[in-house]
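Asks: Provided below for reference: sequence and predicted model.
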Amino acid sequence: MLLIVSALKGYTVEASDGRIGTVSDFLFDDRTWKMRWLVADVGSWWTGRKVLIHPSVITQTDYEQRTLTVNLTIKQVKDSPDTLEDQPVSRQIEHSLHSYYGWDPLWSGDSYFGGGAMASPLLAPPFYGGFLVGEAAGVGANADEGDPNLRSIAAVIGCHIHASDGEIGHLENFLVDDATWIINYLIVDTKNWWPGKHVLLSPHAVKDISYLEHKIRLNVACDLVKASPPWEPSATIDRAYEQRLHTHYAWPGYGW
């Protein structure tokens, strides 16, 4: 099922034996467009602390109760390795979490695009979700430096969307598959030239993202986006719609 990512912010994170905290943010890998971490605010029992939880342990999403259930205990989370706010999400921290919980470090996969990172570098803001991410966290190979491919959902929502020949609107949200936790689509509000209308774009359409300019650049032209199948937020996304969308842009596959 495809979920609107920002709608999950503020959801209660429930362990098997009680409440852990609330969803603060998600961090994704810009090579795979897969969520690598759920950032949970656990201030109710540890003032000011945020913890990183692997999306693979999310077992249920309850939209009525606004909860995410995870296959963990409160004690496991309390005893987990410290993840200090305003510090890089380093390879060492990630390794410590993977080792402590027994999580698969290769879970996020290789590359959404089938070989390597995006063509252009992404410029990151200082930090989001309480943690340094992207280039601001360090780009070297040392274990205590941050992973430059780790991105914050909160950081990119609202960015202006620029096709290869002009601006078309802004990023309103993401649609993520709750089975794989891969970002399938960017939801673009096209108010610049199509008031009240939205289009969906695959990560295949993204050329680069500049946080300094608050801009996402695409590898497709305005006319191609204007002619794409429109999307209504209240409509169900079925395979027929996805096939039309991917055929229109000549994107590989549909409905990952």
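Replies: It's in. Numbering: from 1, shown residues only.

Asks: tell me the SS of Val225?
Replies: Secondary structure, DSSP: H, G, I helix; E, B strand; the rest coil: Val225 is helix.

Asks: tell me the buried residues in stretch 26-45?
Replies: Of all the residues in stretch 26-45, those buried under the rule 16 or more other C-beta atoms under 10 Å are 26-42. Every residue, glycine included, has its C-beta placed from N, CA and C.

Asks: lowest average confidence across helices and strands of this structure, where is it?
Replies: Across the helices and strands of the chain, the lowest-confidence element by mean pLDDT, DSSP states H and E is strand 127-128, at a mean of 40.

Asks: wait, Asp17 touches Gln76, no?
Replies: No. Asp17 is not in contact with Gln76 according to C-beta atoms under 8 Å; the separation is 9.7 Å.

Asks: looking at these two, which is more packed in?
Replies: Shown here are Asp17 and Gln76; by other C-beta atoms under 10 Å, Gln76 has more neighbours (17 against 11).

Asks: what strand or helix carries the more buried one?
Replies: helix 74-78 (DSSP states H and E).

Asks: against which helices or strands is the helix or strand that that helix is followed by packed?
Replies: Next along the chain after helix 74-78, taking DSSP H and E as the criterion, comes helix 91-101. When contacts are defined as 3 or more C-beta pairs under 8 Å, 6 or more residues apart in numbering; DSSP states H and E, helix 91-101 packs onto no helix or strand at all.

Asks: gap between helix 91-101 and the chain center?
Replies: Relative to the centre of its chain, helix 91-101 is centred 20 Å away, using C-alpha atoms, centre = their mean, to the nearest Å.

Asks: also stretch 67-83?
Replies: Per C-alpha atoms, centre = their mean, the centroid offset for stretch 67-83 relative to its chain is 20 Å.
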